[in-house]
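Peer 1: here you go, sequence then predicted model.
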Amino acid sequence: MIFLGLAALFFLPIIESFSRDFGFLILIFGTVCITLDHILKRREPRGWIPFLFFLTLVSFIPSLFYSISIERSLWEFTRYVSYFLLFLSFYTYSNKDVLCRYFLIPMVCVNSIILSILWVMFSFLPQEFSTQISGMNLFFPTFGHNRISELYIFSLPTFLFLWFTSDRKRKYVYLFFSISTFILLVFTQSRGSMIALSISFFLYILLSTKARNTLPHFISNVFSRLLSSAGILISVTVVFLIASFAYSHFFVAPGNDYSAIKGFYKPLWNERRIEYINHGFAGFQKSPIVGTGLETFRYVSLMFQTEKDHWSWYLHNHILELFIETGILGGVLFLSLILILLFQVNRSVQHSLDQFGVLLPHALFISLMASGIHSFLDYDWHFLSLFLLFWASAGILIGNKNTLKIWHSRLSVISLCILFGLTVALFILPKSKNVIEKSADLLEEKKEDEALQLLLSAYTFDRANGDISVKIADIYSEKGDWENAHLWYQRAIILQPFYQKYSLMQDIVVYLDEAESALGQSSFQEAQYTIRKAKVIYPYIYRLQTSTIDTLSTSEFEELIKSLKKESQQWDPSDMEILVSVDTIYSLNPEASLWQ
């Protein structure tokens, strides 16, 4: 059964590049197959790392209940449970050389080659083809540089060590792939990947110096070639960094239009990682203990951005992102897990240089260090396959069949049951996108109450989704429930301050409708209060000066409201200015906040 699971996971980098949802199903299926084999053979590890990994997962659970998007957090938590089970299985597998030689290394090399070919092919296709590619792909640049560079973090060291240790017939083949991968890495324009690989090669050389002098079976010419390769990589990285710095400071002036960043390299003045960290810090202050919930940074960034389009799906620092999403405890435990893991892998590799015959553990160790370093610079661990490669490599490298302590427990069984439960829940709970579409159909059938209940249920599991709040507000507005209409429009504005011009316009219209209704009931003072409140929240209504309102007679005030109502029918959301103060909304309508 394990071979069925491995076969399912083999092409995951390619599959997720075209469909992340299908790739997620493949990850779950592969995990179940491999874990069942693990359970049936009664292999269970004993040690700090499996326990710490499990404890880290437990620390994530409170963030699920307090998440601003339970839907997204459940998907992400399921992914972590899958990696935990795969790590346990690889960690305890008796024939690790088989896993390394016939699964992990071929998976890295084959997918790297195929995705590189796809990159070249799509580069020559018309531009309309590239617009159909998923943003989370591993072969074509969509958000900045080409993310295949993160896969090259694993494939380049592998090809190099295969070249160092292969026989003459295969040596030139691996040399070709080593050179090709290196050239393609440079063309991905990924500074982070090049820096991470350079640092990991340098650290490996330092860590291996002692082992090279004490272990007689270390191949000296391999170490010499490694020094030369590392020197070339570090030199090219330095040149690339200098060139990109010169480009952004001397060839592209800050303030140029977006087309300027499509040249040699994105200018440094367009680098926004510091802004994303500020967004994350603002979110962390709102919920430092349990966090905002796994996979919710995109919502946090939307809420706290200070300029339009200056937000991101991910923080570009996986560790800090987990501090924000899971709180202090979750972040500390995960960081400790990664550091202890790398320390143990180093000890295992340095004391078993020929464990798999051709020094492949050393290539994987370099890749592990580079992947860990790069997780501080980018979001590659959000790719299903790249995080899988990290945990699979770690599980294979830690310990060996002679030293690994095995005991039987129910940890894997419990985790597998949790995985089954989460998977079932994910498929039972409707997705927000589908709920919004279904509610639109119900509204066309004049079933407002059913649509409202459906949307309110969806909001429970995806509170930070501004689109749901807007749809709920529209229904309340049609029903004449002014108070709830204001609440939901203003909540949508808080969630996406720079992208809710429609909500801003509609909320102003609701205030006018409310004032008109109050006048119709001969409640002049209530109508005045309504407009004053609107003026405080929305300075956009420049005609409604407080002093003017106080001096108007009832008839004059009524004429003013009618005039504005007529004028509002010609308003265009795209012309609305976001002049609303989120803090003002919080003070006047605290229920609109996610953290109340």
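Peer 2: It's in. Just so it is clear, the structure is predicted and the values come from calculations on it, not from any experiment. Numbers count the residues shown, from 1 in each chain.
Peer 1: use CA for all of it now, contacts and neighbours both
Peer 2: OK.
Peer 1: which residues sit in contact with E76?
Peer 2: L294, E295 (CA atoms under 8 Å, 6 or more residues apart in numbering).
Peer 1: now it, what's its secondary structure?
Peer 2: Following DSSP: H, G, I helix; E, B strand; the rest coil, we place E76 in the helix state.
Peer 1: so how far is T423 from it?
Peer 2: 11 Å (CA to CA, to the nearest Å).
Peer 1: for the lengthiest helix in the chain, which positions count as buried?
Peer 2: Counting residues, the longest helix in the chain under DSSP state H turns out to be helix 318-350. For helix 318-350, a neighbour-count test (16 or more other CA atoms under 10 Å) marks 318-335, 337-338, 341-342, 344-346, 348-350 as buried.
Peer 1: ok, stretch 281-297 next?
Peer 2: For stretch 281-297, a neighbour-count test (16+ other CA under 10 Å) marks 281-284, 287-297 as buried.
Peer 1: and those residues, which of them are in helices?
Peer 2: F281, A282, G283, F284, F297.
Peer 1: quick one: which of these is nearest to P62?
Peer 2: F284 (15.0 Å; CA to CA).
Peer 1: you'd agree I68 is in a helix?
Peer 2: No. Going by three-state DSSP, the assignment for I68 is coil, not a helix.
Peer 1: from K286, how far out is it?
Peer 2: 11 Å.
Peer 1: again, but for F202
Peer 2: Per CA to CA, F202 is found 40 Å from K286.
Peer 1: so where do the strands sit in the stretch 251-400 of the chain?
Peer 2: For the stretch 251-400 of the chain, no strands are identified by DSSP state E, counting those that start in this stretch.
Peer 1: okay, and for it, where does confidence drop off?
Peer 2: 251-270, 351-358, 399-400 (pLDDT under 70).
Peer 1: and if we set it to 80?
Peer 2: Scanning the stretch 251-400 of the chain for pLDDT under 80 picks out the ranges 251-271, 308-309, 350-359, 399-400.
Peer 1: kindly report the same for the stretch 451-596 of the chain.
Peer 2: 498-501, 504-505, 522, 532-554, 556-558, 560-596.
Peer 1: do that again at 90, thanks
Peer 2: 466, 477-483, 486-596 (pLDDT under 90).
Peer 1: just the helices in it please.
Peer 2: Secondary structure of the stretch 451-596 of the chain (DSSP state H, counting those that start in this stretch): helices at 466-479, 482-495, 501-520, 524-537, 546-551, 554-568, 582-588.
Peer 1: distance to V120 and mean neighbour count for those helices - can I get that in JSON lines?
Peer 2: Converted to JSON lines, the helices of the stretch 451-596 of the chain look like this (distance: least, CA to CA, whole Å; neighbours: other CA atoms under 10 Å):
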{"stretch": "helix 466-479", "distance to V120": "38", "mean neighbour count": "21"}
{"stretch": "helix 482-495", "distance to V120": "40", "mean neighbour count": "24"}
{"stretch": "helix 501-520", "distance to V120": "41", "mean neighbour count": "21"}
{"stretch": "helix 524-537", "distance to V120": "52", "mean neighbour count": "18"}
{"stretch": "helix 546-551", "distance to V120": "64", "mean neighbour count": "12"}
{"stretch": "helix 554-568", "distance to V120": "52", "mean neighbour count": "15"}
{"stretch": "helix 582-588", "distance to V120": "47", "mean neighbour count": "14"}
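Peer 1: and these as CSV, adding distance to Q132?
Peer 2: Below are these laid out as CSV (distance: least, CA to CA, whole Å):
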stretch, distance to Q132
helix 466-479, 23
helix 482-495, 28
helix 501-520, 28
helix 524-537, 41
helix 546-551, 52
helix 554-568, 38
helix 582-588, 36
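Peer 1: out of these, nearest to S367?
Peer 2: helix 482-495 (38.6 Å).
Peer 1: what sits up against that closest one?
Peer 2: With contacts defined as CA under 8 Å, 6+ apart, helix 482-495 is touched by 299, 302-303, 464-467, 469-470, 472-477, 499-500, 503-504, 506-507, 510-511, 514, 582, 585, 589, 591-593.
Peer 1: and what of stretch 170-178?
Peer 2: L156, F159, L160, L162, W163, F164, T165.
Peer 1: make CSV out of these and add pLDDT, neighbour count and distance to I494.
Peer 2: Listed next are the contacts of stretch 170-178 as CSV, based on pLDDT from 0 to 100; neighbours: other CA atoms under 10 Å; distance: CA to CA, whole Å:
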residue, pLDDT, neighbour count, distance to I494
L156, 94, 26, 45
F159, 92, 25, 50
L160, 90, 25, 51
L162, 88, 22, 54
W163, 86, 22, 56
F164, 82, 21, 57
T165, 79, 18, 59
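Peer 1: in strands, which of the residues you listed appear?
Peer 2: Secondary structure assignment by DSSP state E places none of the contacts of stretch 170-178 in strands.
Peer 1: just curious, which of those residues is nearest to S193?
Peer 2: For the contacts of stretch 170-178, the nearest to S193 is L156 (11.2 Å; CA to CA).
Peer 1: my read: that closest one touches S180, true?
Peer 2: No. Counting by CA atoms under 8 Å, L156 sits too far from S180 to count as a contact (9.3 Å).
Peer 1: quick one, helices of the stretch 301-450 of the chain?
Peer 2: Counting by DSSP H, counting those that start in this stretch, the helices of the stretch 301-450 of the chain are 318-350, 360-374, 384-397, 411-428, 432-444, 448-461.
Peer 1: can I get the ones you listed in CSV with distance to A492?
Peer 2: Formatted as CSV, the helices of the stretch 301-450 of the chain follow (distance: least, CA to CA, whole Å):
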stretch, distance to A492
helix 318-350, 21
helix 360-374, 35
helix 384-397, 31
helix 411-428, 25
helix 432-444, 15
helix 448-461, 12
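Peer 1: for S94, find the nearest of the ones you listed.
Peer 2: helix 384-397 (9.8 Å).
Peer 1: quick check: closest non-adjacent residue to W313.
Peer 2: R298 (4.1 Å; CA to CA, 6 or more residues apart in numbering).
Peer 1: check the gap between that neighbour and A394 for me.
Peer 2: With CA to CA as the criterion, R298 and A394 are 29 Å apart.
Peer 1: again with T460
Peer 2: From T460 to A394 the distance is 38 Å (CA to CA).
Peer 1: settle it for me: which of these two has more neighbours?
Peer 2: Higher neighbour count among T460 and A394: A394, with 22 against 13, using other CA atoms under 10 Å.
Peer 1: who touches that one in this structure?
Peer 2: F87, Y91, L341, L342, V345, L368.
Peer 1: shouldn't the last one be in contact with F387?
Peer 2: Read it as L368. No. L368 lies out of contact with F387 (CA under 8 Å); the separation is 10.3 Å.
Peer 1: tell me which of the two has more neighbours.
Peer 2: When neighbours are counted by other CA under 10 Å, L368 and F387 differ, and L368 comes out ahead with 25 against 17.
Peer 1: list the contacts of the more buried one.
Peer 2: F154, L342, F390, S393, A394.
Peer 1: please report how far it lies from S178.
Peer 2: Applying CA to CA to L368 and S178 gives a distance of 18 Å.
Peer 1: neighbours of D21, how many?
Peer 2: For D21, using other CA under 10 Å, the count is 11.
Peer 1: can you classify it by secondary structure?
Peer 2: helix.
Peer 1: Q132 - that's part of a strand, no?
Peer 2: No. Counting by three-state DSSP, Q132 falls outside a strand, being coil.
Peer 1: okay, it: pLDDT?
Peer 2: Here, the pLDDT recorded for Q132 equals 70.
Peer 1: next: the one 3 residues further on.
Peer 2: At G135, the predicted lDDT confidence score is 77.
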